[in-house]
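[1] Predicted model and sequence below, questions to follow.
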Amino acid sequence: MLSADFVLFIALLYVAVLFAVAFLGDRRARSGRLGLLQSPLVYTLSISIYCTSWTFYGAVGSAARNGLEFLTIYLGPTLVFVGWWMLLRKLVRIGHTHGITSIADMISSRYGKSATLAAVVTVIAVITTTPYIALQLKAVTTSFDVIDSASPDPLSGLPRAFPDYTLGFWIAFGMAVFAILFGTRTIDAKERHHGVVAAIALEAIVKLVALLAVGTLVVFGILDGPGGIFTFAPPALTQTPDVFGPRWVTLTFLAAAAIVCLPREFQVMVVENFDERHLTTASWMFPLYLFLITLSVLPIAIAGLAFLPRGSNPDMFVLTLPMWSGHDHLALLAFLGGFSSATSMVIVACIALSTMLSNHIIVPAALRLGLIDLPAGGEIRRFLLASRRVGICLILLLGFLYYRLSGSSDDLASIGLIAFAGVAQVLPSLVGGLFWRRANAAGALAGLVGGALLWAFTLFLPSFAGGFVVSPRVVAEGLFGFGLLRPYALLGFTGIDPLVHSLCWSLAVNTLLFVFVSLAREQRPLERLQSTLFVDVFRASAETTSGVLRRQATVRDLRPLAVRILGSQATHETFRAAARAQGLRGDVPIVDGAFITQLERTLAGSVGAASAHALISQAVSGETISQDELMRIADETQQVREYSRQLEQKSREIEAAARKLSEANERLTRLDAEKDDFLSQVSHEVRTPMTSIRSFAEILLDERDLAPDHAARYLRIIHDESVRLTRLLESTLDLSVLERGEAPWQTSPVDPEIALDSSIRTCSGMAASMGVRVLCGERATGVRVLANSDRLAQVFINLIANAVKYNTSDAPQLVITSRARDTRYEVLFEDNGPGIRPDERERIFAKFARGAAEARRDPAGAGLGLAISWQIMRRFGGSLTLLADRGPGACFCVSLARA
Amino acid sequence: MPPDRPSEHEAERAPDPGRARDLARIVTLLGIVLLMPPAVTLFVTDVRIGGIPLIVAYLFAVWLALIGCARLLAHRLEPPPDAPRASVTPASTDASDDSPPR
């Protein structure tokens, strides 16, 4: 057995270590060497103040009484953290952007910086936290009594009938000193307490190690290894489906709500958060911490039930089991673990609550009562610090009194759950405010007050077992004797677990009031502004809203105010930074709307949004909220969305247009090259006959005595060349007219076979002279097409002439067939000549293009015939194509729509 | 647990915040479904795995799986290093879940 003095000595030593760690942490932070202090690990460990002595001792008690139900308290937060992207991220971002100091500040700031709301949330927070602090004091006192064997039967773990309250008092006193020393050293603009965070991170490690150590002892020292744990377990512990009923769902929800709404959790998660990215690590590391800390719970509960005397207090199994098995040092470690979990919770809760008390109750009251006279230049800063210190003492005193009055009643878990249910009343206004634009202050106030009153009536007040306001008679018979107003069976809902009953009623009424009052009432302009800023925190910037609030002030008005809240040095720095941002030297910025907004936000980091707004409002004049600007901002996010959508569509259109343009450009370049080609071809074609005409003409002019037959020959050459030239020019003109397609053609239904026959007749002479046989294959009959027979004949003649002229075969022949398909009339010209080389197929219809064979045979040909024919067919709406792979020779196909 | 949990190989590629965000939602939703009745009640039997009742093994396994998923998704959801800490501009690269389509 350990002596009381030794335990006390170790506890004091531990406290001294905590003070040293906090002191060093503070000093490091002050000198800017934060290092590990701002790591995600420390952030995660600080969040674990969620695990108070209620977890350390109470989870085992809960497991011994209700089996697996204790898990819900840790599964709820796990789900919230795994889904951090949806809620926590937004909370932390808003906390950073708006310099939020507490959960009350968050609610007040969201609903138009309402001082009333802040005060209401503060009152709810104080009411729900006081029993919780009492619970911690009681746990530490009881554990001390157990470990130093002060109680008659220490192994039973039952608190003494007349506990020694002096110990509780001194513990409360010690915590107050710690909280005041490290929690209210400065009025930090960011309200961060590095020393405190360092100490609670250390405590988080101690409590985890202690519980794991006790668990290891139990599993391997008392039970027979992991496999044997459950051989001693009463079947009820793990085999009751009843556990997974409405209470399971309710408790999980409650725990999830608590991790967001508990003032101390908000403090470490949002206010003390240094870097948004730390949340990413905490998203898995904090659930892992919870997982590890609950691993030992079931084995300890099972071993306690199996081996400790009947009637022992399950809430103290963590401590009594090591003592029972003779491991006193482990018991001491467990005691320190419980001490750690209690103190860390109380310290952070005190800091968070004192900030809320001072910012939202004491300062507004002092401002209203004229205790702080602005023009007189009283030191608000000192007043703030003093009020926070008083706040800490007040809260601890309340906690101690509650512990003193409630005495030794109740198991730990039920007090914790009652507090959770009270805190959960903040949830609708908080979450609603983050995601619902129309939510307004009136709705939040109605919901909070309605929910809190119902919670108090149906759960909190009856828990005093008749000691306070609600007597046992009211519980049994209902308020004023009305049966419908029984706290545990409101409006006759009986047979439900009191906690589920209370939570359903209070949260349902809370949410309904919140929603319907919000819908019924219009938002004030400032509320609408804040609602936009909060809901759209990831889009709307603080800068865009500076034009909404219009107010005037001078540096002379603002500087004294800032000095009295921030201190002269911080004020100097703030003003100089603002001046530099405006491109000015010195520390006198231009006081515009943006600067006042920024200053107000800085002040809000110290005194809360509501008080900062009130203070600034006293210093500025002509404060108006521009409705137009407000509308603009409210619409802006919608516009941004719409704009971005339009932008996307535009860019797609532009892309398409650019593609078309580049295609057109390519085509133009090709056409330009073709035109150049055409011109040079034409000049070339014209020059050859011109040269010969000129040279023969010169001979005729120079040689006077030229023999007549020579002269006649030269003249014929000149004549022939002129004819060729004329033909060439006519063809060119013809083609250009065709290409431009200017003059409309007279078309009429004609029989194409007549034109074909006449063309064959025309060419028969030429064919005969070249020794080419022209054969007619199958012919269509009775076909009519919409065309001009002269032009059609021109095409046919051109094709026949080409086939005749360029056929190099030994037995040259041309087969002409025509056929009438469903809607088209086709003529095929098939020769057995050399054919068209595949690489020439593409450009055979281009101007001046001649096949390789053609060029060899007839260098004088202009190469315009096919181009003209192709154009003619195009004008008729038909086509002239070269059919591929039809035997050795070429096969042209003329195709026209039937009339 | 998520239907298409990324393989290790995929996780090393440039993270896709949109997909990771959807996965985070699905994992949370799945966690709620698996841990709430009626799903949990299916595991309340007298079957034991290595001496541990099935329901206990199930609850802790789901819990651990949730932690594992959160760990896998954490760095893919992480805001870029230059994510603003104190103030935000509309041009922020941080892709919030309700940001306009880009």
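    Looks like it came in fine.
[2] give me the element residue A:815 is part of.
    Element membership of residue A:815 [criterion: DSSP states H and E] is strand A:813-820.
[3] and the helix or strand that that strand is followed by, what's its mean pLDDT?
    Helices and strands here follow DSSP H and E; after strand A:813-820, the next one along the chain is strand A:824-831. Strand A:824-831 shows a mean pLDDT of 89.
[4] Repeat that for stretch A:117-124.
    Stretch A:117-124 carries an average pLDDT of 94.
[5] rewinding a little: show me what the strand holding residue A:815 is packed against.
    Using 3 or more Cβ pairs under 8 Å, 6 or more residues apart in numbering or on different chains; DSSP states H and E, the elements in contact with strand A:813-820 are helix A:752-770, strand A:773-776, helix A:789-805, strand A:824-831. (Each C-beta comes from the backbone N, C-alpha and C, glycine too.)
[6] Mean neighbour count and distance to chain B for the ones you listed - can I get that in CSV?
    Output for those, formatted as CSV (neighbours: other Cβ atoms under 10 Å in any protein chain shown; distance: least, Cβ to the nearest Cβ, whole Å):
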stretch, mean neighbour count, distance to chain B
helix A:752-770, 17, 59
strand A:773-776, 14, 68
helix A:789-805, 21, 57
strand A:824-831, 21, 50
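[7] show me where pLDDT drops low in chain B?
    Along chain B, the parts satisfying pLDDT under 70 run over B:1-17, B:79-102.
[8] Show me which helix runs longest in it.
    The longest helix of chain B (DSSP state H) is helix B:54-77.
[9] Pull out the buried residues from that helix.
    By neighbour count with 16 or more other Cβ atoms under 10 Å in any protein chain shown, helix B:54-77 contains the buried residues B:54-60, B:62-63, B:65-67, B:69-74, B:76-77.
[10] and that helix, is it in reach of chain A?
    Yes. Part of helix B:54-77 sits near chain A under the criterion Cβ under 8 Å from any Cβ of the partner chain, namely B:55-56, B:59-60, B:63-64, B:66-71, B:74-75, B:77.
[11] Tell me the one of those nearest residue A:818?
    For those, the minimum distance to residue A:818 (Cβ to Cβ) is 74.2 Å, reached by residue B:77.
[12] Quick check, that closest one in contact with residue B:21.
    Yes. Contact criterion Cβ atoms under 8 Å: residue B:77 and residue B:21 qualify, at 6.6 Å.
[13] Now for these two: what residues contact both?
    Jointly contacting residue B:77 and residue B:21 under the rule Cβ atoms under 8 Å, 6 or more residues apart in numbering or on different chains are residue A:85.
[14] thinking again about what came up before, out of the helices and strands packed on strand A:813-820, which comes closest to residue A:26?
    Nearest of the helices and strands packed on strand A:813-820 to residue A:26, taken as Cβ to Cβ: strand A:824-831 at 95.7 Å.
[15] which helices and strands does the closest one pack with?
    The criterion is 3+ Cβ pairs under 8 Å, 6+ apart, and the helices and strands that strand A:824-831 contacts are helix A:752-770, helix A:789-805, strand A:813-820, strand A:891-897.
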